[in-house]
Structure formats: structure tokens, C-alpha cells
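Asks: Turn this into a model:
(one chain, ligands or ions: 2)
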Amino acid sequence: MHDNNEILVLPGDGIGAEVVPVAVEVMKQVAKRFGVAVSFSEALVGGVAIDQTGSPLPEETLTKALSARALLLGAVGGPAWDELPTLERPERGLLGLRSGLSLFANLRPALLFAPLAEASSLKPELVAGLDILIVRELTGGIYFGEPRGVEMRNNERCGFNTYVYAEHEIERIARVAFELAQKRGHRLCSVDKANVLEVTQLWREVVTSVAPDYPDVALSHMYVDNAGMQLVREPKQFDVMVTGNMFGDILSDVAAMLTGSLGMLPSASLAADGRGLYEPVHGTAPDIAGQDKANPLATILSVAMMFRYSLDAPDAADAIEQAVDRVLESGFRTGDIVGRGILAGQTLIGTRAMGEQVLAQIDQLESAS
Ligand code: IPM
Ligand code: MG
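Replies: Ligands and ions are numbered 1, 2, ... in the order given. Modelled structure (predicted):
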């Protein structure tokens with residue numbers, strides 16, 4: 001374990017500013033309980049950073065981020081900044097952190113908490129027990145490929161981006177995915193569009209070439225259109241899925257919704273040395289921002305991932321996940337996870353009250369052990 005785990009807190013915009021403080025409280029309590037030394041500092045990213053400094057990723061934020069062990073981020077973006085050019089938008093702050101810290105491996109679990117089966121848009125039997133992990137390549141592909149832009153060609157504007165992957169980028173994300181599959185259900189599905197795109201033909205070739213190093217993992221390949229369809233048809237066929245940046249962006253939203261709400265899904269973005277950025281999969285939700293309605297559980301579960309992957313404290317991670325499960329079991333719901341309406345035994349609560357319920361459950365776990 002590291003002596004001083006410097007955690008950089010980046011609330012960002014919209015509901016990010018509401019859910020992050022709640023998750024930080026949970027983190028403090030759990031760190032104390034499990035003897036994990038942490039210290040916190042805070043910085044600006046996204047729209048608030050544009051408003052206060054003119055840049056979505058101020059130099060000071062990047063400097064602080066580079067020396068932190070882990071980052072806890074809320075969300076960035078919102079209607080106030082929608083008219084800005086692509087390269088000046090709040091989203092660039094997030095993309096700049098991902099590339100600036102080489103956070104190439106994005107882990108997005110889609111795990112169904114049993115009490116929420118009725119909140120899914122799919123039939124409960126299709127999603128009961130669902131536990132998928134999407135491993136998304138995060139610092140390459142079409143998000144970062146050059147050349148990119150909009151320019152005049154033959155008297156009209158043409159927009160273009162470049163979908164490019166080097167072998168080493170594919171190999172390192174494939175190895176992360178194989179290793180995670182070894183710790184789970186031993187099945188890995190690599191998603192590509194190898195029937196059309198050369199870059200993903202190489203993807204398939206490289207993923208296949210490392211497979212012999214993981215003889216206990218069954219590797220399969222699927223085209224992305226089929227994968228989207230299979231995720232809503234029979235999601236439990238998947239264990240770990242690995243894919244590039246853009247396909248992973250899309251499929252992870254689909255997988256997330258299977259669980260009933262984007263408000264439940266955490267994510268980790270990891271560098272080779274275990275440093276990481278942890279954030280909920282959901283966005284800034286401008287429609288409910290500032291109303292104490294947002295679900296803080298995705299951010300709280302992101303803190304659990306932080307304990308597991310960057311702070312080497314799996315017990316602390318388990319405790320948080322167990323506490324969340326018990327809170328849901330007790331019937332507490334934020335608006336996004338009430339399903340088709342409040343059922344008997346359920347209580348609709350807000351962001352802060354949900355945080356208090358989690359803290360109370362952690363207290364009880366403490367006294368039970
Ligand atoms: C995500 C988001 C981001 C992405 C945006 C905000 C840039 O959709 O983390 O999935 O596309 O990666
Ligand atoms: Mg996305």
C-alpha cells in the first residue's frame with residue numbers, strides 16, 4: 001500500500017458538483033475504517049474551469065492530476081457550453097486528462113443489483129444476475145486520430161476523422177481484458193467491424209495473437225452491430241467485452257441501461273502503473289442539476305473501484321458495494337431507479353439522503369465485524 005495516497009477531486013459540472021461531495025464523505029469514512037492513508041485536494045475541470053480560467057483543463061489541474069494517485073471526477077458539460085467549438089468544449093477537459101495521464105484502459109462494469117431488476121427496460125429474467133464488464137480502449141482510435149477537422153473540398157465543407165490503432169495499443173488493452181477475464185468468468189468477446197474496417201481487422205488479428213498466453217480464457221469475436229443487438233437480446237451471454245474507444249462508448253451506454261439506470265454505473269480509467277481516474281458513467285444531467293435529485297451511487301461505486309484498483313484495498317471496495325446493496329435492499333431509491341413507479345416498501349429520497357443511507361450501512365457493517 002502507498003504511504004500517501006493523494007486523491008484529486010474534480011466535481012466538474014451539473015450533478016457532478018452534487019454527487020462528488022457525497023462520495024467523498026463515503027470515501028473518508030471507509031478509508032479511516034480500513035486504514036488507508038488518503039489526502040484530498042480539489043481542482044477545476046470542464047465547464048466550471050472554462051468559466052473561471054478560460055480552459056476546460058487548466059495547467060494547474062493537469063499538474064495536480066499528474067502527481068495524484070487517483071482522481072475522482074463527477075461529470076463535465078452542459079447547455080451553457082454547447083455552442084463552443086469542439087476543441088474548446090468541457091469534454092476536452094476529460095479527454096485531456098485521459099490522454100495526459102495515459103489512462104488507456106477503461107473498465108465499465110454493468111452489474112445488476114438484484115433489487116433493481118424491475119427498473120430495467122428488459123424483462124427481469126433477461127437481466128437477473130447480469131454481470132458484464134466492458135473494457136474500452138480510451139486513449140486512441142477515432143477519438144484521437146489525426147488528421148481530423150472540417151475543410152473545404154470541391155466547394156463544400158467536408159468533415160473527417162481518422163480511426164487508427166497501432167499494434168502496441170491493441171495488445172496492451174487486450175492483455176488487460178484477458179487478465180480481467182481470468183479473474184471472472186473466463187470468457188472474452190472482442191468487438192470490431194472487421195468486415196468493413198482495416199483498422200479493426202488488425203484489432204482482431206492482434207487480439208487473437210495474444211490469446212495463447214491466456215489458455216484459460218475462451219476468446220470470441222463479434223461485429224459491433226451484432227454486439228449491440230445481442231446486448232439487448234440476451235445480455236447474459238457476455239462476461240468481459242473488449243473494444244475500441246468509439247464502439248466502447250456506445251456499447252457501454254447500452255450495457256449500462258440494461259441495469260435499470262445510468263445512475264448506478266461506475267467506471268475506472270487506468271494507466272499502466274495503476275494510477276486511475278474514477279467517474280460515474282452518467283453525464284451532468286442539466287435537467288435535474290441543483291435539485292438534490294441525482295443518484296450518487298454510481299460515484300460511490302466508483303470510489304469502490306478506486307479502492308480496488310488504485311489503492312490496493314479490496315476489502316474497502318467490498319464494504320462499499322455491500323453497503324450499496326443493503327441500501328437498495330431496504331427500498332431506498334432516487335428518482336432514476338424507481339422503475340415503473342414507487343412500489344410498496346420503497347422510499348424516494350434525494351442525493352444527500354442516499355449518501356447518508358450508505359454511510360449508515362457502512363457503520364452497521366463496521367459494528368457487525
Ligand atoms: C463517456 C462520455 C465521453 C466519451 C464524452 C463526455 C467525451 O460519453 O465517458 O462515455 O465519449 O468518452
Ligand atoms: Mg459515453
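
Asks: Distance-wise, check the most centrally placed residue in the chain relative to ligand 1.
Replies: In the chain, the residue lying closest to the centroid (Cα atoms, centre = their mean) is residue 267, at 2.3 Å. In this structure, residue 267 and ligand 1 are 7 Å apart, going by Cβ to the nearest ligand atom, to the nearest Å. Just so you know, the C-beta spots here come from the backbone N, C-alpha and C atoms, and that holds for glycine as well.

Asks: Quick check: buried residues in stretch 16-30?
Replies: 16-27, 29-30 (16 or more other Cβ atoms under 10 Å).

Asks: need the residues you listed in a markdown table with pLDDT and distance to ligand 1, can you?
Replies: Listed next are the buried residues of stretch 16-30 as a markdown table, based on pLDDT from 0 to 100; distance: Cβ to the nearest ligand atom, whole Å:
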| residue | pLDDT | distance to ligand 1 |
| --- | --- | --- |
| 16 | 98 | 11 |
| 17 | 97 | 16 |
| 18 | 98 | 18 |
| 19 | 98 | 15 |
| 20 | 98 | 16 |
| 21 | 98 | 21 |
| 22 | 98 | 20 |
| 23 | 98 | 17 |
| 24 | 98 | 21 |
| 25 | 98 | 24 |
| 26 | 98 | 22 |
| 27 | 98 | 21 |
| 29 | 97 | 27 |
| 30 | 97 | 25 |
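
Asks: roughly how far apart are the residue in the stretch 151-300 of the chain positioned nearest to ligand 1 and residue 243?
Replies: Here the residue of the stretch 151-300 of the chain nearest ligand 1 is residue 249; by Cβ to the nearest ligand atom that distance is 4.4 Å. Distance, residue 249 to residue 243, by Cβ to Cβ, to the nearest Å: 9 Å.

Asks: Please list all residues in contact with the residue of the stretch 151-300 of the chain closest to ligand 1.
Replies: residue 136 (Cβ atoms under 8 Å, 6 or more residues apart in numbering).

Asks: Please report phi then psi for it.
Replies: Torsion angles at residue 249 (phi, psi; degrees, to the nearest 10) stand at phi -60, psi -50.

Asks: coming back round to it: anything in contact with each of residue 249 and residue 243?
Replies: Counting by Cβ under 8 Å, 6+ apart, the residues touching both residue 249 and residue 243 are residue 136.

Asks: Could you report the neighbour count for the residue in the chain that ligand 1 sits nearest to?
Replies: Here the chain gets closest to ligand 1 at one residue, residue 91, 3.9 Å apart by Cβ to the nearest ligand atom. Residue 91 is flanked by 18 other residues according to other Cβ atoms under 10 Å.

Asks: residue ranges of the helices in the stretch 201-350 of the chain, please?
Replies: Per DSSP state H, counting those that start in this stretch, the stretch 201-350 of the chain carries helices over the ranges 224-233, 245-258, 297-309, 314-329.

Asks: out of those, nearest to residue 44?
Replies: helix 297-309 (17.7 Å; Cβ to Cβ).

Asks: angle of the closest one against helix 245-258?
Replies: 120 degrees (axes from the mean of the first three to the mean of the last three Cα atoms, to 10 degrees).

Asks: avg pLDDT for helix 297-309?
Replies: Confidence over helix 297-309, taken as the mean pLDDT, stands at 97.

Asks: Any part of it near ligand 1?
Replies: No - legend: contact between helix 297-309 and ligand 1 by Cβ under 6 Å from any ligand atom is lacking; minimum distance shown is 11.9 Å.

Asks: can you give me the angle that helix makes with helix 314-329?
Replies: Orientation note: helix 297-309 sits at an angle of 160 degrees relative to helix 314-329 (the same axes, to 10 degrees).

Asks: counting contacts, what elements does helix 297-309 pack onto?
Replies: Judged by 3 or more Cβ pairs under 8 Å, 6 or more residues apart in numbering; DSSP states H and E, helix 297-309 is in contact with helix 16-33, strand 70-75, strand 266-270, strand 276-280, helix 314-329, helix 351-368.

Asks: picking up where we left off before, okay, the helices of the stretch 201-350 of the chain, which one's buried deepest?
Replies: helix 297-309 (a mean of 27; mean count of other Cβ atoms under 10 Å).
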